[in-house]
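Colleague: Just a sequence and a predicted model for now, questions to come.
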2 protein chains.
Amino acid sequence: MPEVTSTRSERVKAIRGLSRRSVREKTGRFLAEGPQPVREAVLHRPDHVLDLYLTGAAAARHVDIAGAAEAAGVRLHEVSEDVLAAMCDTPAPQGLAAVCRVLTGSLDAVLEARPRLLCVLTNVRDPGNAGTVVRAADAAGADAVLVAGDSVDVWGPKVVRSTAGSLFHLPVVTGLDVEETLTRLRDNGIRLFATDGAGTTLLTDVDLLPAHAWVTGNEAWGMSEQTRSWCDEVVRVPIYGAAESLNLAMAATVCLYASAVAQNRPSGR
Amino acid sequence: MPEVTSTRSERVKAIRGLSRRSVREKTGRFLAEGPQPVREAVLHRPDHVLDLYLTGAAAARHVDIAGAAEAAGVRLHEVSEDVLAAMCDTPAPQGLAAVCRVLTGSLDAVLEARPRLLCVLTNVRDPGNAGTVVRAADAAGADAVLVAGDSVDVWGPKVVRSTAGSLFHLPVVTGLDVEETLTRLRDNGIRLFATDGAGTTLLTDVDLLPAHAWVTGNEAWGMSEQTRSWCDEVVRVPIYGAAESLNLAMAATVCLYASAVAQNRPSGR
């Protein structure tokens, strides 16, 4: 296994640069940090994993990851803790990180698969929120996540971490225009439900059996009037106590789970 | 309105000290920072608000908060942005903060009210998780949150922020022993459901109509075998896609909402 020994090598600098959106967009690459995202990358999308960097201790502890990566033809590199830390955004990458090619899905491919449950993020800015919604969509068995408008880049380190590997599980299509996306979904018979604390329809009153998409707005200023007007219903999660609202990720999770239950999806686990 | 003018005054230092658990425990006070928690404190528990500090701009912008505080006999103090920043843990308290007395609920009082839906946090360490679960319990109309074992202090600044004011809406009882709490709940006819990704019973198979409590473990190492054994069922949220799990706060939110729906609670909004 070749070694990278200096924290100041060109390679380390190039990898560290992947924490910047501009570098990810130029190179089409991103970094998965830590055992959970790296394992999901290697197991689910090995064709997108280019290089795996790991410490000797991590190679011994995560034989499954190293073995699967090697079998898939991924290039393995042994690094010291210091070198790994210099590559990564997180201060504690727990021994491994993988350079991956961005998974570019297309709206065409998503629509061709006749989706029944989708999630559309519009203008979501907080990496933790975006990542948690992708994870919730995956857990609820959604067919894809569509990222539209001026949203955070889902290939950034904080989003990748908070998805816990879900980015490698379902199609995530980025860089979409809000109006065009919603129009195409509607033209394909997919009902559009905005999730918004100020919605006029209660979640418990919505028929979630037909194909539909949950559309979320920005976490701070909500959803624009225009986006709202493009949706079939503006839906609010009922509040049973005195709380003013749920946060964006919690509301999306509740809505996506209500859909999974209503559509009687088979539960994998 | 009296003014506090120096960032180095004894009063400012004393308030800043409330970001430390030991100081909160000694004084029985905590600090609510920013418009949302302060508004909920003043509207829902004015008897627990001692002093409100606000900038001139915030006094003009939040006439409702200042008015309600004044009517409730809260002491108002005008401060500069700098003085407020020196008092607060958050770098952007948005013009106001309130020193409050800790709301000490008791398990006896909670049980006397014949609760039907409770949430028990055991050994929860992450402030964001603890706060989000309190907010979810409030939104789902739970009767109380019980904080047991070696859990984060819910009166700390990060938890208070992430509850979005819910700490002032429902009884939150802290400092409880896990075994004693679960035993007393069971003796009062309350079924105990552990929420755990490795649970043997699916959420969709549990009868949520009888009085019950959701019991959560630690976010990293889960729930001890012993705590699990004290519960009637160990319940997992179904995973419909490829995600390995939901995070603690998402799982608790889904479980609490399933309970609210099953118990057919009246929705306030």
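Modeller: Nice, thanks for sending it over.
Colleague: Can you give me the buried ones in the lengthiest helix in chain A?
Modeller: Of all segments of type helix in chain A, defined using DSSP state H, the longest is helix A:248-262. By 16 or more other Cβ atoms under 10 Å in any protein chain shown, the buried positions in helix A:248-262 come out as A:248-261. Placement of C-beta: from N, CA and C, glycine included.
Colleague: what about A:Arg24, how many neighbours?
Modeller: 19 (other Cβ atoms under 10 Å in any protein chain shown).
Colleague: whoops, I mixed them up, A:Gly128
Modeller: Applying other Cβ under 10 Å, we find 17 residues neighbouring A:Gly128.
Colleague: in chain A, which spans are strands?
Modeller: Taking DSSP state E as the criterion, chain A carries its strands at A:3-4, A:29-33, A:49-54, A:75-79, A:96-101, A:117-122, A:144-148, A:172-176, A:191-195, A:201-202, A:212-216, A:233-236.
Colleague: Dump the ones you listed into CSV; add mean pLDDT, distance to B:Ser80 and mean neighbour count as well.
Modeller: Shown next, in CSV, are these (pLDDT from 0 to 100; distance: least, Cβ to Cβ, whole Å; neighbours: other Cβ atoms under 10 Å in any protein chain shown):
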stretch, mean pLDDT, distance to B:Ser80, mean neighbour count
strand A:3-4, 76, 51, 15
strand A:29-33, 97, 42, 25
strand A:49-54, 97, 49, 23
strand A:75-79, 95, 50, 18
strand A:96-101, 97, 45, 25
strand A:117-122, 98, 38, 26
strand A:144-148, 97, 41, 25
strand A:172-176, 96, 43, 20
strand A:191-195, 97, 40, 22
strand A:201-202, 95, 45, 14
strand A:212-216, 98, 38, 27
strand A:233-236, 96, 39, 21
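Colleague: need those in a markdown table with distance to B:Leu208, can you?
Modeller: Shown next, in a markdown table, are the strands of chain A (distance: least, Cβ to Cβ, whole Å):
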| stretch | distance to B:Leu208 |
| --- | --- |
| strand A:3-4 | 53 |
| strand A:29-33 | 38 |
| strand A:49-54 | 42 |
| strand A:75-79 | 48 |
| strand A:96-101 | 41 |
| strand A:117-122 | 24 |
| strand A:144-148 | 29 |
| strand A:172-176 | 33 |
| strand A:191-195 | 23 |
| strand A:201-202 | 19 |
| strand A:212-216 | 24 |
| strand A:233-236 | 22 |
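Colleague: Can you tell me how far A:Ala140 is from chain B?
Modeller: With distances taken as Cβ to the nearest Cβ, to the nearest Å, A:Ala140 is found 5 Å from chain B.
Colleague: List the contacts of the closest residue to that residue other than its chain neighbours.
Modeller: Computed as Cβ to Cβ, 6 or more residues apart in numbering or on different chains, the closest residue to A:Ala140 that is not its neighbour in sequence is A:Leu256, at 3.8 Å. Contact analysis of A:Leu256 by Cβ atoms under 8 Å, 6 or more residues apart in numbering or on different chains lists A:Leu117, A:Cys119, A:Ala136, A:Ala137, A:Ala139, A:Ala140, A:Ala142, A:Trp214.
Colleague: give me every residue that touches the third one.
Modeller: Contacts for A:Ala136 (Cβ under 8 Å, 6+ apart) come out as A:Cys119, A:Ala249, A:Ala252, A:Thr253, A:Leu256, A:Tyr257, B:Leu246, B:Met250.
Colleague: Quick check, pLDDT for it.
Modeller: With respect to pLDDT, A:Ala136 scores 97.
Colleague: just checking, A:Val74 touches A:His48?
Modeller: No: assessed by Cβ atoms under 8 Å, A:Val74 is found out of contact with A:His48, at 9.9 Å.
Colleague: If you count surrounding residues, which of these two has more?
Modeller: Neighbours per residue (other Cβ under 10 Å) separate A:Val74 from A:His48, with A:Val74 holding more: 23 against 20.
Colleague: Could you check how many residues crowd around the residue of the stretch 1-150 of chain A at minimum distance from chain B?
Modeller: Nearest to chain B in the stretch 1-150 of chain A, going by Cβ to the nearest Cβ, is A:Gly141, at a distance of 2.9 Å. As a burial measure, A:Gly141 scores 24 neighbours (other Cβ under 10 Å).
Colleague: so what's it closest to, chain neighbours aside?
Modeller: Closest to A:Gly141 by Cβ to Cβ, 6+ apart is B:Tyr240, at 2.9 Å.
Colleague: got a list of what A:Asn70 touches?
Modeller: For the record, residue A:70 is Glu, not Asn. Per Cβ under 8 Å, 6+ apart, neighbours of A:Glu70: A:Leu76.
Colleague: can you tell me how far it sits from A:Pro46?
Modeller: Going from A:Glu70 to A:Pro46 by Cβ to Cβ, to the nearest Å gives 10 Å.
Colleague: A:Phe30 now?
Modeller: 16 Å.
Colleague: and what of A:Pro35?
Modeller: On the measure of Cβ to Cβ, A:Pro35 and A:Pro46 end up 16 Å apart.
Colleague: near chain B, which residues of the stretch 151-269 of chain A?
Modeller: Within the stretch 151-269 of chain A, the positions adjacent to chain B are A:164-166, A:169-170, A:202, A:204, A:236-247, A:249-250, A:253-254, A:257, A:260-261, A:265-269 by Cβ under 8 Å from any Cβ of the partner chain.
Colleague: In PyMOL, how would I select the buried members of those?
Modeller: Filtering these down to the buried ones (16+ other Cβ under 10 Å) takes a single PyMOL command:
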select buried, chain A and resi 164+165+166+169+170+236+237+238+239+240+241+242+243+244+245+246+247+249+250+253+254+257+260+261+265+267+269
